[in-house]
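*Asks:* Next one to model:
(chains A and B)
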Amino acid sequence: MQIKILQNLLEANEEKAQEVRDFLNQKHIFMVNLISSPGSGKTTLLEKTLPILKQKFRVAVIEGDVETERDAKRLDLYQVPVSLINTKGACHLESVSIEKALLAFDLDQLDLIFVENVGNLVCPAEFDIGEHAKVAMLSVPEGDDKPLKYPLLFQEASLTILNKIDLLKYTDFDKTRFYDDLERVNPNLSVIELSCKTNEGIDAWVDWLDKRRIASLNRLG
Amino acid sequence: MHEFSIIQNIFPIIEKNAKDHHLKIITKVTLNLGKSCQCLPDFLQFAFQTLAKNTIAENAELVIQEIPGKSAVLDCIEGSN
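*Replies:* Residues are numbered from 1 along each chain as shown, chains lettered A, B, ... in the order given. I've put the predicted structure just below:
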């Protein structure tokens, strides 16, 4: 006898993610899930943009860290609420950990939440955490081949940030190949070229956040 | 990447459906696996063999069918009473 079941095995996380998103929508908060490999500059990007964003929005950060509180401490200097999730070895964040991390904030006093995911190009792409946009970050020294090697992340992302472009002249990073590959993986993906050293691209990033946030709020009506 | 947790999720569903339909032995479990799910079929098989021990599906065959997208869906089970 055959019994048809058709049950989604990833459903529990996806349902919880939708609950988180609905809750954030009620509070008119826009949440960004920042994903990259270790060392590509997620925390540095936040250090560069928090002082600018703070003038416009009420911002908070959820820090996903496997073991330490180092990144959270770095961001403490910017006097925004920071909620740390130590994953104790786990390679990605899930929506249930975000729900808990949100308890640390006064959500009536926030416009924008960044989630700095665990440094990893594979697993974080698989898990909806209730964000409004996934941002995939890649840095020049990692190489131009990453969109083809980790296609899911670049398919799921709304934006790719190419960081450390000040190092382009010192590496064999082939921008033409990078853009061709991205086009194959996700033709609708926006790209911002950026350098946290020279500040190039920071304005475009802040502008993108502003526009996406407004678009997301408008969709709610 | 998360083959064990995916497989872990299927056993309570198998047990419940088997009970509802009065099945004593499960012989086949079919899983629909998204092409972009980032799960390796070999790892899923290994996880299934490991975790099926001492369950109603201990000797069942795991069949994995590729589908588009990134979902993992328990498609159907087969068994007898």
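
*Asks:* any idea which element the residue nearest to residue A:36 when sequence neighbours are not counted lies in?
*Replies:* Computed as Cβ to Cβ, 6 or more residues apart in numbering or on different chains, the closest residue to residue A:36 that is not its neighbour in sequence is residue A:137, at 3.7 Å. Placement of C-beta: from N, CA and C, glycine included. Using DSSP states H and E, residue A:137 sits in strand A:133-139.

*Asks:* Next: residue B:19.
*Replies:* Using DSSP H and E, residue B:19 falls in helix B:3-20.

*Asks:* for that helix, packing partners?
*Replies:* On a contact count with 3 or more Cβ pairs under 8 Å, 6 or more residues apart in numbering or on different chains; DSSP states H and E, helix B:3-20 meets strand A:2-8, strand B:25-34, helix B:41-51, strand B:72-80.

*Asks:* And those: which comes nearest residue A:70?
*Replies:* Nearest of these to residue A:70, taken as Cβ to Cβ: helix B:41-51 at 32.1 Å.

*Asks:* Pull out the buried positions in the closest one.
*Replies:* B:44, B:47-48 (16 or more other Cβ atoms under 10 Å in any protein chain shown).

*Asks:* next structured bit after it?
*Replies:* Next element after helix B:41-51 (DSSP H and E): strand B:61-67.

*Asks:* ok so, going back, quick one: neighbours of the residue nearest to residue A:36, just the number.
*Replies:* By other Cβ atoms under 10 Å in any protein chain shown, 25 other residues sit near residue A:137.

*Asks:* just residue A:165 next, same as before
*Replies:* With other Cβ under 10 Å as criterion, residue A:165 counts 21.

*Asks:* Do I have it right that the residue nearest to residue A:36 meets residue A:160?
*Replies:* Yes: the pair residue A:137 / residue A:160 is scored as a contact, 7.4 Å apart, by Cβ atoms under 8 Å.

*Asks:* Can you show me the strands along chain A?
*Replies:* Using DSSP state E, the strands found in chain A span residues A:2-8, A:30-35, A:59-65, A:82-86, A:112-116, A:133-139, A:159-163, A:190-193.

*Asks:* export those to TSV and tack on mean pLDDT?
*Replies:* Formatted as TSV, those follow (pLDDT from 0 to 100):
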stretch	mean pLDDT
strand A:2-8	91
strand A:30-35	98
strand A:59-65	95
strand A:82-86	93
strand A:112-116	97
strand A:133-139	98
strand A:159-163	98
strand A:190-193	98
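
*Asks:* got TSV for the ones you listed, with distance to residue A:74 too?
*Replies:* Conversion of the strands of chain A to TSV gives the following (distance: least, Cβ to Cβ, whole Å):
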stretch	distance to residue A:74
strand A:2-8	38
strand A:30-35	14
strand A:59-65	9
strand A:82-86	9
strand A:112-116	10
strand A:133-139	16
strand A:159-163	16
strand A:190-193	22
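
*Asks:* which residues touch residue A:19?
*Replies:* A:95, A:99, A:130 (Cβ atoms under 8 Å, 6 or more residues apart in numbering or on different chains).

*Asks:* where's it relative to residue A:190, distance?
*Replies:* 28 Å (Cβ to Cβ, to the nearest Å).

*Asks:* circling back to that earlier point, of all the helices and strands packed on helix B:3-20, which one comes closest to residue A:88?
*Replies:* Across the helices and strands packed on helix B:3-20 (criterion: Cβ to Cβ), the nearest stretch is helix B:41-51, sitting at 21.2 Å.

*Asks:* Check which helices and strands whichever helix in chain A runs longest is in contact with.
*Replies:* If you go by DSSP state H, chain A has its longest helix at helix A:202-220. Where contact means 3+ Cβ pairs under 8 Å, 6+ apart, helix A:202-220 is packed against strand A:30-35, helix A:42-53, strand A:159-163, strand A:190-193.

*Asks:* Where does pLDDT dip in the chain?
*Replies:* By default, I'm working from chain A. For chain A, applying pLDDT under 70 flags no range at all.

*Asks:* Sorry, I should have been clearer: chain B.
*Replies:* In chain B (pLDDT under 70), the answer is B:1.

*Asks:* Any residues of it in contact with chain A? List them.
*Replies:* Within chain B, the residues that sit near chain A (Cβ under 8 Å from any Cβ of the partner chain) are B:1-2, B:6, B:9-10, B:13, B:17, B:21, B:23, B:36-38, B:70-81.
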